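Asks: Need a 3D model of the sequence below.
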Amino acid sequence: MAISSITSSPSRFGQGQTSPTNDRGLFLDVFGGEVLTAFDMATVTLDKHNVKTVGGGQRSFRFPKTWKASAEYHVPGTELMGTEIETGEISITIDDILVSHTAVSDIDTMLSHFDVRSEYSAQMGRALARVFDKNVFRQIIMAARTAADGPFPGGDTITGLGASSTGAQWIDAIRLANLKFFNLSVPEEQTRYMSVTAETFNKIKFAKDANGQYLVLDADLRHSGAGGIEGRADSLTIDGVQIVKSLNMPSADESADTTVYSKYRANYATTVGCIWTADAVATVKLMDIGFESERDTRRLEDFLVAKMLTGHGTLRPECAIELTA
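Replies: Numbers count the residues shown, from 1 in each chain. The predicted model follows:
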């Protein structure tokens with residue numbers, strides 16, 4: 001017996017009155033917010049350096065560069081003619097558009113036991129954050145390697161640190177970095193940051209002196225709060241330096257790595273960390289995180305794209321110190 005084919009007329013409640021050709025016109029789109037949230041949660045460097053936003057049609061941002069003014073005693077009767085203050089400018093250009101993209105098949109969405117779009121959007125936000133952080137770290141290290149330019153001092157390096165270094169030796173490096181910053185007239189009120197691996201972070205956290213006493217952890221042990229040691233700290237502060245752990249510190253020779261944007265390629269094989277202030281580098285942002293979702297009916301899938309357009313550059317090299325093995 002043949003079964004006749006009858007087309008039904010389902011009520012497409014997602015259309016609405018103003019979008020008769022869009023079956024999903026009334027459905028909420030939270031994809032963009034998920035990407036932005038994932039990015040903000042994953043990035044370490046975003047709030048630890050200068051970020052400037054430029055408008056459309058602008059490909060770079062120029063930062064003024066000034067050095068110290070001088071002072072002198074006045075001799076009665078002489079005319080004040082003015083003394084010269086060294087000035088210059090730094091131009092930071094925009095890189096190419098950074099994208100993370102994927103496609104979500106209808107069949108996978110229907111058979112999955114979790115919210116596929118939400119998970120994918122979070123992963124895409126984290127992917128953008130990883131590249132963003134890596135490029136900022138690369139630029140901080142490049143700033144530390146920048147030579148002096150006239151009266152403007154260059155960056156600096158602290159050597160002799162590595163897998164065999166003790167937590168106490170890392171703490172000594174922090175003290176040395178603060179001394180270097182002071183001698184280069186880096187403002188004392190500026191927050192200092194230090195990025196290291198998780199292994200080094202733990203070495204510093206559990207560092208002991210020659211008598212076996214904890215140098216950092218004792219402060220947590222003496223805390224009056226319940227539970228003694230305060231959780232799994234994401235950061236430590238020692239001698240005014242906020243220490244963070246990150247997987248995005250470069251640690252290989254990327255001189256010829258074509259997956260790295262050209263201006264950030266260098267040899268980072270001996271890099272084990274860096275210390276900097278917010279004035280060390282800057283990010284110029286032409287387009288904040290954007291998102292697009294396109295329905296591909298021919299393939300029965302949704303195509304998802306997260307994107308951003310930024311560029312990074314050195315501002316004050318004296319505010320950056322590379323830690324090397």
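Asks: What helix or strand is F291 located in?
Replies: strand 281-296 (DSSP states H and E).
Asks: hang on, V260 in a strand?
Replies: No - assessed with DSSP: H, G, I helix; E, B strand; the rest coil, V260 is coil; it does not lie in a strand.
Asks: Report the separation between the residue nearest to it when sequence neighbours are not counted and E189.
Replies: Counting by CB to CB, 6 or more residues apart in numbering, V260 lies nearest to E254, which is 4.9 Å off, once chain neighbours are set aside. From N, CA and C alone the C-beta is placed, and that goes for glycine too. Using CB to CB, to the nearest Å, we find E254 at a distance of 34 Å from E189.
Asks: What of A147?
Replies: 27 Å.
Asks: now swap in A143 and tell me
Replies: From A143 to E189 the distance is 20 Å (CB to CB).
Asks: Mind checking which of these two has more residues around it?
Replies: A143 (26 against 7; other CB atoms under 10 Å).
Asks: Check what pLDDT the more buried one gets.
Replies: Per-residue pLDDT puts A143 at 96.
Asks: all helices for the stretch 101-250 of the chain, in order.
Replies: With helices called from DSSP state H, counting those that start in this stretch, the stretch 101-250 of the chain shows them at 106-111, 116-144, 167-183, 198-205, 217-221.
Asks: highest average neighbour count across the ones you listed?
Replies: helix 116-144 (a mean of 22; mean count of other CB atoms under 10 Å).
Asks: Tell me which other helices or strands that one touches.
Replies: Contacts defined by 3 or more CB pairs under 8 Å, 6 or more residues apart in numbering; DSSP states H and E place helix 116-144 against helix 31-42, strand 98-105, helix 106-111, strand 271-277, strand 281-296, strand 301-314, strand 320-324.
Asks: Tabulate those (CSV), appending mean pLDDT and distance to G88.
Replies: Shown next, in CSV, are the helices and strands packed on helix 116-144 (pLDDT from 0 to 100; distance: least, CB to CB, whole Å):
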stretch, mean pLDDT, distance to G88
helix 31-42, 66, 33
strand 98-105, 86, 29
helix 106-111, 76, 55
strand 271-277, 96, 20
strand 281-296, 85, 15
strand 301-314, 89, 13
strand 320-324, 97, 18
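Asks: Can you lay out those as a markdown table showing distance to G155?
Replies: Formatted as a markdown table, the helices and strands packed on helix 116-144 follow (distance: least, CB to CB, whole Å):
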| stretch | distance to G155 |
| --- | --- |
| helix 31-42 | 27 |
| strand 98-105 | 26 |
| helix 106-111 | 49 |
| strand 271-277 | 9 |
| strand 281-296 | 11 |
| strand 301-314 | 8 |
| strand 320-324 | 5 |
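Asks: Show me the one of these that comes nearest N50.
Replies: Proximity to N50 (CB to CB) singles out strand 281-296 among the helices and strands packed on helix 116-144, at 3.9 Å.
Asks: Per-residue confidence, the residue nearest to T43 when sequence neighbours are not counted, what does it come out as?
Replies: Closest residue in space to T43, ignoring its immediate chain neighbours: A129 at 4.1 Å, by CB to CB, 6+ apart. Per-residue pLDDT puts A129 at 89.
Asks: I'd guessed A129 sits against T45; true?
Replies: No - checked against CB atoms under 8 Å, the pair A129 and T45 is beyond contact range at 9.3 Å.
Asks: I'd say the residue nearest to V260 and Y268 touch.
Replies: Yes - under the criterion of CB under 8 Å, E254 makes contact with Y268 at 6.1 Å.
Asks: who has more neighbours, the two?
Replies: Y268 (22 against 18).
Asks: distance of that one from L176?
Replies: Going from Y268 to L176 by CB to CB gives 21 Å.
Asks: Show residues contacting stretch 176-183.
Replies: With contact meaning CB atoms under 8 Å, 6 or more residues apart in numbering, stretch 176-183 is reached by 156, 158, 188, 192, 194, 239-241, 275, 277, 318-319, 321.
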